[in-house]
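> Fold the following for me, if possible:
(one chain, ligands or ions: 1)
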Amino acid sequence: MTDLTFLPDRTALEAVDLGVRYRGGWALRDCSFRVPAGRVCALVGPNGAGKSTLLSLAAGLRKPSAGRLSVLGGAPGGADVRPRVAYVAQDNPLYPHFTVAETLRLGRELNPGSWDQAAAERFVHEGGAGGGVRPGARVDSLSGGQRRRVALAFALAKRPELLLLDEPMSDLDPLVRHEMMAALMAQAAEHATTVVIASHVIAELEGACDYLLLIADGRVRLAGEVEDLLSAHRLVMGRYEDAGTPREFAAHTIVEARTTGRQLTALVRTDGPIGGHWEVAEPSLEELLLAHLRAPGAPALVAPSAEPRPAGLKAAA
Ligand SMILES: Nc1ncnc2c1ncn2[C@@H]1O[C@H](COP(=O)(O)OP(=O)(O)OP(=O)(O)O)[C@@H](O)[C@H]1O
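I've put the predicted structure just below:
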């Protein structure tokens, strides 16, 4: 985990009442949250939740229809913020007629102060199990996974303060996926880069991310330190043959309860002990996320570290 002792109060993303409306309706609605700097934040939610919309707002490619978003304390896409942010969209925007070497040369010219050519080349060419990419290869001759590798190299070599990644591993083979995730984590740790990574692959996020933003239907459902969110919940299991809710659960918030035969499994939000005969454990990240995704009516939980501090937004206004 990144040592944050030297980043006491900085904020990477801060949203207050943020909304984006397309023709078909609201893609994001009343979103308020904060992601402190130096975190590796998982951005999770079902298809159509608004994850890509949020990342494109943070990259300055789209304007909010309501509310405000600040990025590294400034306006998204602003002249002082843009050079400090790298964004890898789902479709790997690269120039198709450039070679890989030309693409990296462009990166160096666009980012003269910060570009790390050695890291870019290492990232692109050192493909384990044949995943490396030749410098002379044209971008439009690359496979989807090879193109993704070049796009990630381009973003990492910029040495951004904030790295926004939209489904970065989706078309990579398992070995390259592993290698890329390790490189991302190394970058985050060495340079205290804030990473916001949208992904549906929870196994990939578990262990890598220390912060979580779960959105569903355009609204924030969970936000905060992964550790805090996990410890605010309990997975409760046991035999239960009665109708209705077990009385021991009455003092707690039930996120989701399911019965299989006589076995009841519930995810409960609690800050106190759960009495009775129940087997109680802290959920895994996957159990926490799946229960919330299956229970869209459960109340939202925004941990104190993820609450926006409106003073921080003045800079972006
Ligand atoms: N350019 C657009 N015009 C109109 N509606 C859009 C546009 N882009 C996204 N939407 C709608 O906004 C909502 C959120 O889309 P978004 O792509 O942000 O979701 P997502 O969480 O990234 O989904 P996925 O996991 O499928 O990539 C969806 O209902 C989508 O149909």
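> what sits opposite the residue nearest to D80 when sequence neighbours are not counted in the beta ladder?
Nearest non-adjacent residue to D80, counting by Cβ to Cβ, 6 or more residues apart in numbering: G74, 5.4 Å away. Using the backbone N, CA and C atoms, a C-beta is placed for each residue, glycine as well. On the basis of DSSP bridges, G74 is bridged to V71.
> Give the burial count for G74, as a bare number.
17 (other Cβ atoms under 10 Å).
> and if you look at G297?
For G297, the neighbour count with other Cβ under 10 Å is 6.
> Next, it: phi, psi?
phi -90, psi -10 (degrees, to the nearest 10).
> Do you know the pLDDT at it?
Here the pLDDT value assigned to G297 is 88.
> What are the boundaries of the strands in the stretch 51-200 of the chain?
For the stretch 51-200 of the chain, applying DSSP state E, counting those that start in this stretch gives strands covering 66-71, 85-88, 162-166, 194-198.
> can I get those in JSON lines with mean neighbour count?
Output for those, formatted as JSON lines (neighbours: other Cβ atoms under 10 Å):
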{"stretch": "strand 66-71", "mean neighbour count": "21"}
{"stretch": "strand 85-88", "mean neighbour count": "24"}
{"stretch": "strand 162-166", "mean neighbour count": "24"}
{"stretch": "strand 194-198", "mean neighbour count": "26"}
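> Columns mean pLDDT on top of the ones you listed, output as TSV?
Shown next, in TSV, are the strands of the stretch 51-200 of the chain (pLDDT from 0 to 100):
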stretch	mean pLDDT
strand 66-71	96
strand 85-88	94
strand 162-166	95
strand 194-198	96
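> Could you dump those into JSON lines with distance to A27 added?
Formatted as JSON lines, these follow (distance: least, Cβ to Cβ, whole Å):
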{"stretch": "strand 66-71", "distance to A27": "11"}
{"stretch": "strand 85-88", "distance to A27": "17"}
{"stretch": "strand 162-166", "distance to A27": "14"}
{"stretch": "strand 194-198", "distance to A27": "14"}
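> In a markdown table: those strands, plus distance to the ligand.
What follows is the strands of the stretch 51-200 of the chain, written out as a markdown table (distance: least, Cβ to the nearest ligand atom, whole Å):
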| stretch | distance to the ligand |
| --- | --- |
| strand 66-71 | 14 |
| strand 85-88 | 13 |
| strand 162-166 | 7 |
| strand 194-198 | 6 |
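> wait, which of those strands is closest to T103?
The closest of those to T103 is strand 85-88. By Cβ to Cβ, the value is 13.2 Å.
> What strands flank the closest one, and is each parallel or antiparallel?
Strands adjacent to strand 85-88 in the sheet, as given by DSSP bridges, are strand 162-166 (parallel).
> low-confidence ranges in this structure?
Within the chain, the segments meeting pLDDT under 70 span 1-9, 126-132, 310-317.
> all helices of it, in order?
Assigned helices in the chain, in chain order: 51-58, 100-110, 117-125, 144-157, 174-191, 202-205, 226-231, 285-294, 310-313 (criterion: DSSP state H).
> Select, out of the ones you listed, the one closest to R23.
Nearest to R23, of those and by Cβ to Cβ, is helix 51-58 at 13.3 Å.
> Residues contacting that closest one, please?
The contact list for helix 51-58, computed with Cβ atoms under 8 Å, 6 or more residues apart in numbering, reads 13, 18, 20, 27-28, 31, 43-45, 62-64, 69, 71, 76, 85, 87, 89-90, 162, 164-166, 196, 198, 215.
> So is that helix next to the ligand?
Yes: using Cβ under 6 Å from any ligand atom, we find that helix 51-58 touches the ligand at K51, S52, T53.
> how far out from the middle of the chain is stretch 292-301?
18 Å (Cα atoms, centre = their mean, to the nearest Å).
> What residues of it count as buried?
The neighbour-count check on stretch 292-301 (16 or more other Cβ atoms under 10 Å) flags H292, L293, A295, A298, L301 as buried.
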